[in-house]
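In: Got a sequence here, can you model it:
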Amino acid sequence: TRMPELRGIGVNTVRTWGTDGTTQPLLDAAAQNGIKVINGFWLQPGGGPGSGGCVDYVTDTNYRNTMLGEIQRWVTAYRDHPGVLMWNVGNESILGMQNCFSGAQVEQERVAYTQFVDQAAQAIHAIDANHPVTSTDAWTGSWPYYKAYAPHLDLMAVNSYAQVCKVKQDWIAGGYTKPYIITETGPPGEWEVPNDANGVPTDPTDIQKRDGYVNAWNCVLNHPGVALGATLFHYGTEGDFGGIWFNITTGNEKRLSYYAVRKLYSGRTDGDTPPVIRSMSLSRTTDVPAGGTFTLTADVSDPDGDPITYTMGYNSKPINNAGGLISAPFTYNGNGVFTVTAPTTLLGVWKIYLYARDGHGNVGIEGRSLKVIAPTPPGTNVARGATTTASSYQAVGDGA
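Out: Residues are numbered from 1 along each chain as shown. Got it, this is the predicted structure:
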């Protein structure tokens, strides 16, 4: 259902992380809209942190044989489909090995994994001679492994965000000869930005996220004939922590980054665009009493002169790794000033998000952190300054 919109903003390629029996409708819709699909095959430990578990590629012949069979099965099923552009074996598993193994075994596993990727590439070529094969990892430090142990890959691939503009130089310095695609890129991720005063990653502003997509795409264009394109991250509708950070259509509402990507891909500049949040600050950030109030001040304007409505949400990811949001109670004082009530359920660092909507399906979202502390009870603290004693004492070692 979303392929016509993708076509309308100039997209000609989408990428998946997995290919199986549910892929057919995606390929059909893509082909009907003149869009091609980079069909991924998920391998453990994928996704950098090791998503889905850890596999010993040196010894686990059952896993290797099972996955090779699945890859051959779905390549055979879809090799003649007009929606297929290429096959992509694995995602960030070379990086993910560090979260599964230690010492010399990490290196052994990375080599064994890359050799398996090469085996898969050969098997795919034997079935399908018409579509190239690549493999994605999270940084160009994986490329020496592919160069040495996966010679049957047709091209390189890498996910790169804040460092995407270094990929060209890494390709030159590494003496590589095969072209590459950027399989994920966009604004810097939370693992790449400095922490704020509360010790949590500083969420880029809406404007910075928009500019992050533009910068990444321009760096891809800066390596013509070698960088073959990029699947920007991410056309998703999730409205959780990650969806706010990366999605260009968060909660089915279009962000500044959506219109930036549309302009990059198609040159289009028409239509209504989102409210722009040029600044946002909190009156208290490190010591907000639970259930107390603080002031949020924002400079918000709409390029099209549309009236703006506001909502706010809280996220507790820094406390309990939750992704979802809860409503943040507030009153609007006018002129961009809001009185907001702090959470009462958990003490610790929260993220608060301001949503500015224009009534045309567009939204600006800005996030900041605040530390919620226990409120000061009434009365006199009779313990403060009193003599204390300890039942035990440890001078050195763990727990000192």
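In: which residues of the stretch 101-250 of the chain fall in strands?
Out: Under the criterion DSSP state E, counting those that start in this stretch, the stretch 101-250 of the chain carries strands at the ranges 133-137, 156-159, 180-184, 227-230.
In: got those strands as CSV, with distance to Val37 columns?
Out: Bear in mind the C-beta positions are built from the backbone N, C-alpha and C, glycine included. Below are the strands of the stretch 101-250 of the chain laid out as CSV (distance: least, Cβ to Cβ, whole Å):
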stretch, distance to Val37
strand 133-137, 13
strand 156-159, 14
strand 180-184, 12
strand 227-230, 13
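In: Quick one: neighbours of the closest residue to Gly52 other than its chain neighbours, just the number.
Out: The shortest distance from Gly52 to any non-neighbouring residue, by Cβ to Cβ, 6 or more residues apart in numbering, is to Gln44 (4.9 Å). Using other Cβ atoms under 10 Å, Gln44 has 20 neighbouring residues.
In: Show the pLDDT at Gln44.
Out: Looking at Gln44, its pLDDT stands at 94.
In: and it, that's in a helix?
Out: No. Applying DSSP: H, G, I helix; E, B strand; the rest coil, one finds Gln44 to be coil, outside a helix.
In: how far away is it from Asp398?
Out: Separation of Gln44 from Asp398 (Cβ to Cβ, to the nearest Å): 33 Å.
In: Convert stretch 319-334 to CSV, retaining C-alpha atoms only.
Out: Extracted C-alpha coordinates of stretch 319-334, given in CSV (Å, rounded to 0.1, in the frame of the first residue of the first chain):
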residue,chain,number,x,y,z
ILE,A,319,15.5,4.0,33.0
ASN,A,320,14.1,0.7,31.8
ASN,A,321,14.9,0.4,28.1
ALA,A,322,11.3,0.9,27.2
GLY,A,323,10.7,2.1,23.6
GLY,A,324,7.1,3.4,23.9
LEU,A,325,5.8,6.8,25.0
ILE,A,326,3.2,7.9,27.5
SER,A,327,1.3,11.2,27.4
ALA,A,328,2.9,14.2,29.1
PRO,A,329,0.4,16.5,30.8
PHE,A,330,0.9,20.2,30.1
THR,A,331,-0.7,23.6,29.7
TYR,A,332,0.1,26.0,27.0
ASN,A,333,0.9,29.5,28.2
GLY,A,334,1.2,31.0,24.8
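In: Now do the helices in the stretch 1-150 of the chain.
Out: Along the stretch 1-150 of the chain, counting by DSSP state H, counting those that start in this stretch, helices occupy 3-8, 24-32, 61-78, 93-96, 104-127, 143-149.
In: Of all these, which one is nearest Arg278?
Out: Between Arg278 and these, the tightest spacing by Cβ to Cβ is seen for helix 3-8, at 28.0 Å.
In: Need phi/psi at Val363.
Out: Here the main-chain torsion angles of Val363 (degrees, to the nearest 10) amount to phi -150, psi 140.
In: With adjacent residues omitted, what lies nearest to it?
Out: Excluding its sequence neighbours, the residue lying closest to Val363 (Cβ to Cβ, 6+ apart) is Glu253, at 4.0 Å.
In: Kindly report the same for Cys219.
Out: Cys219 sits nearest to Cys165 (Cβ to Cβ, 6+ apart), 4.0 Å away.
In: pretty sure the one you found is touching Asn215, no?
Out: Yes. Contact criterion Cβ atoms under 8 Å: Cys165 and Asn215 qualify, at 7.0 Å.
In: got the contact list for stretch 135-149?
Out: Stretch 135-149 has contacts (Cβ atoms under 8 Å, 6 or more residues apart in numbering) with 40, 48, 88-95, 110-111, 114-115, 117-118, 121, 150, 153, 156-160, 163, 166-167, 170-171, 174, 176, 183-184.
In: In terms of helices and strands, where is Phe294?
Out: Using DSSP states H and E, Phe294 sits in strand 293-301.
In: List the pairing partners of that strand within its sheet, with orientation.
Out: Using DSSP bridges, strand 293-301 pairs in its sheet with strand 276-282 (antiparallel), strand 337-341 (antiparallel).
In: Kindly reformat those strands as JSON lines containing mean neighbour count.
Out: Below are those laid out as JSON lines (neighbours: other Cβ atoms under 10 Å):
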{"stretch": "strand 276-282", "mean neighbour count": "16"}
{"stretch": "strand 337-341", "mean neighbour count": "17"}
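In: looking at those strands, which is closest to Asn65?
Out: The nearest among those, by Cβ to Cβ, is strand 276-282 at 52.6 Å.
In: Name the strands paired with the helix or strand following that closest one and say parallel or antiparallel.
Out: Once strand 276-282 ends, the next helix or strand along the chain (criterion: DSSP H and E) is strand 288-289. Sheet pairing of strand 288-289 (DSSP bridges) gives strand 363-373 (parallel).
In: same question for the partner strand, mean pLDDT?
Out: So the average pLDDT for strand 363-373 ends up being 98.
In: Quick check: which ranges of the stretch 251-400 of the chain have low pLDDT?
Out: For the stretch 251-400 of the chain, applying pLDDT under 70 flags no range at all.
In: so where do the helices sit in it?
Out: 256-266, 317-320.
In: For the longest one, which residues meet the burial criterion?
Out: In other words, helix 256-266. Going by neighbour count (16 or more other Cβ atoms under 10 Å), the buried part of helix 256-266 is 256-265.
In: Reformat these as a markdown table; add distance to Ile308.
Out: Compiled in a markdown table, the buried residues of helix 256-266 are given as follows (distance: Cβ to Cβ, whole Å):
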| residue | distance to Ile308 |
| --- | --- |
| Leu256 | 14 |
| Ser257 | 19 |
| Tyr258 | 18 |
| Tyr259 | 17 |
| Ala260 | 20 |
| Val261 | 23 |
| Arg262 | 22 |
| Lys263 | 23 |
| Leu264 | 26 |
| Tyr265 | 28 |
